[in-house]
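*Asks:* sequence and predicted structure, then a few things I'm wondering about:
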Amino acid sequence: MTTPLVRLNFALQSFEDPLSAAMAHTMEYDTLHLNANAQHEITLLCVLPEDAHEGDIISLSATHIAARDARYFIQYTLRQLDIETGTVALTLEKITISDESDEYVLQLMLHGLHATLKDSAEFDVAIKEYGAGYIPQYEQALVSKSHSLRQLMTSFSSSFLSLF
């Protein structure tokens with residue numbers, strides 16, 4: 001069984017309504033509720049605006065409401081097939097349990113030539129992890145003794161220099 005994808009759309013402003021541009025930033029949307037799947041991922045279907053071109057970069061970030069940096073981020077360079085389709089699927093990965101609430105701000109941005117911001121949209125979301133959330137799998141790395149000694153010396157010398 002597959003679940004339908006949540007569709008995100010850039011807010012389109014009407015040229016006929018003079019208040020559209022003034023009201024666009026004051027509009028409130030209902031909070032989206034996103035649930036991670038068994039692979040600890042959330043896939044969102046993003047509808048491209050009419051001014052999207054091949055080579056533009058679309059990005060999606062989710063920032064916890066109490067944080068400054070994005071916890072989840074994906075960036076994708078648009079291809080001609082994406083432009084013809086009019087949509088692109090973006091996947092946020094490794095959804096973990098949040099220490100605080102599950103409330104995030106989701107930002108969808110489209111950057112054009114020379115990283116010029118062409119379009120953006122912002123959504124309030126509640127992200128729910130799957131089960132116990134993503135747990136990082138640490139692999140046993142084979143570290144040579146000379147490499148670990150080098151790390152020890154580097155950390156010791158940086159600690160020593162920080163005293164001055």
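*Replies:* Here it is on my side, so go on.
*Asks:* where do the strands of the chain begin and end?
*Replies:* 6-9, 32-35, 42-47, 57-64, 72-77, 87-92, 103-111, 117-128 (DSSP state E).
*Asks:* what residue ranges in the chain score low on pLDDT?
*Replies:* 1-5, 11-29, 99-100, 138-150, 152-154, 156-164 (pLDDT under 70).
*Asks:* I'd like the strands of the chain as CSV, with distance to S155 and mean neighbour count appended.
*Replies:* Yep, even glycine has a C-beta here, placed from its N, CA and C like the rest. Formatted as CSV, the strands of the chain follow (distance: least, CB to CB, whole Å; neighbours: other CB atoms under 10 Å):
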stretch, distance to S155, mean neighbour count
strand 6-9, 44, 15
strand 32-35, 40, 15
strand 42-47, 37, 20
strand 57-64, 30, 19
strand 72-77, 29, 15
strand 87-92, 34, 16
strand 103-111, 35, 19
strand 117-128, 36, 16
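*Asks:* now distance to P136 too, for these, in JSON lines please.
*Replies:* Shown next, in JSON lines, are these (distance: least, CB to CB, whole Å):
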{"stretch": "strand 6-9", "distance to P136": "26"}
{"stretch": "strand 32-35", "distance to P136": "21"}
{"stretch": "strand 42-47", "distance to P136": "18"}
{"stretch": "strand 57-64", "distance to P136": "18"}
{"stretch": "strand 72-77", "distance to P136": "14"}
{"stretch": "strand 87-92", "distance to P136": "16"}
{"stretch": "strand 103-111", "distance to P136": "20"}
{"stretch": "strand 117-128", "distance to P136": "18"}
